[in-house]
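Novice: Dropping the sequence and predicted coords here.
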Amino acid sequence: MNQSAEMIYRRVDGVDYSAARDNTALFSLLLVIDGTRSVKTIAQEDKYEIEDLLPLVDQVEKLGLIVPVESDSGRAYQEAPEEVSFCKLPKEYQTGIVMVDNQHQRLVDMVKQLDAIRKGQYPSTELKNKAIGQVVVEMIDYTVSHFAFEESLMQEANYEHYNGHKRTHDHFISLADEYKQRFVSGEDIIDELYKILNRWLYNHIQNDDMAFAPVVLKTVKAKGLSKGAWMKRLLNKFFN
Ligand SMILES: [Fe+2]
Ligand SMILES: [Fe+2]
């Protein structure tokens, strides 16, 4: 497994999702928990036996990944809040797929980090460039993994606009690569890069990612959490 695929499981505050990696039911539960549906509602709507669901919820709670909240229909769960974040993604940018939202949060944090570097005082240009270089490389690496993750979800859900979405991802990767090349050849690209990343990321999440998320969630629910084959195939495809 490459480093950024491993990172996909880690939140900004270090909470680690990797315990859910080999457990498809656990993993798919993390995709549908949203803080509004009670455990009973999830069992009914996602065709889950309540006796199977309760120990699973218990397990995820013990891992520290979800916390109980009161909802209209009884006790529900939501993702455990992050302790460290530069700028929490607003509600209108939340897809409802917990892992995708965490990945977006990390990307937004990286862009904020880039902004802090660009505005920061450094003892030398060399040190500043070193800091920029690290963030740029990490960000491109993480973005590639994030895109692959989303593409696996979309493919498995037979998302009708998959090709268009993938083209947008591919275009962004080549754009990011161009900036990397220009940076390596000594050009000062940080202001331009920051503006493009900021605009692109928010636009893409709000327009493209928000569009595929309901289709994926519907598929996860329709296929039922306990039928692990679909999720297993997805995880194998992405992480092997
Ligand atoms: Fe995304
Ligand atoms: Fe996307």
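Specialist: Perfect, I can see it now. Ligands and ions are numbered 1, 2, ... in the order given.
Novice: buried residues in the one helix or strand N203 maps to?
Specialist: Secondary structure from DSSP states H and E places N203 in helix 190-204. For helix 190-204, burial by neighbour count (16 or more other C-beta atoms under 10 Å) applies to I190, L193, Y194, I196, L197, W200, L201, Y202, H204. No exception for glycine: its C-beta is placed from N, CA and C like everyone else's.
Novice: residues of the helix or strand that that helix is followed by that come out buried?
Specialist: Sequence-wise, the next helix or strand downstream of helix 190-204 (DSSP H and E) is helix 210-223. Within helix 210-223, the residues scored as buried using 16+ other C-beta under 10 Å are F212, A213, V215, V216, L217, T219, V220, K221, K223.
Novice: do stretch 55-67 as well
Specialist: Across stretch 55-67, burial judged by 16+ other C-beta under 10 Å covers L56, V57, Q59, V60, L63, L65, I66.
Novice: Give the helix, strand or coil label for the fourth one.
Specialist: Using DSSP: H, G, I helix; E, B strand; the rest coil, the secondary structure recorded for V60 is helix.
Novice: Dihedrals phi and psi, the nearest residue to it once chain neighbours are set aside?
Specialist: Using C-beta to C-beta, 6 or more residues apart in numbering and skipping residues adjacent in sequence, the residue nearest V60 is I66, 5.2 Å away. Backbone torsions of I66, given as degrees, to the nearest 10, read phi -130, psi 160.
Novice: Among the buried residues of helix 190-204, which one sits closest to K166?
Specialist: H204 (12.4 Å; C-beta to C-beta).
Novice: where's that closest one relative to L65, distance?
Specialist: Distance of H204 to L65, given as C-beta to C-beta, to the nearest Å: 26 Å.
Novice: next helix or strand past the helix or strand that contains L29?
Specialist: L29 belongs to helix 24-32 when assigned by DSSP H and E. Sequence-wise, the next helix or strand downstream of helix 24-32 (DSSP H and E) is helix 39-45.
Novice: Give the buried residues for that following helix.
Specialist: V39, K40, I42, A43.
Novice: before we move on, back to that, check the buried residues of helix 210-223 against ligand 2, which are close?
Specialist: Residues of the buried residues of helix 210-223 in contact with ligand 2 (C-beta under 5 Å from the ion): none.
Novice: Point out the residues in this protein that sit beside ligand 2.
Specialist: Residues of the chain lying near ligand 2 (C-beta under 5 Å from the ion): E150, D209.
Novice: Quick one: the helices in the chain, in order.
Specialist: 3-7, 24-32, 39-45, 50-62, 98-119, 125-156, 162-184, 190-204, 210-223, 229-239 (DSSP state H).
Novice: pLDDT (mean, whole number) over the first one?
Specialist: The one in question is helix 3-7. Averaging pLDDT along helix 3-7 gives 56.
Novice: Thank you, goodbye.
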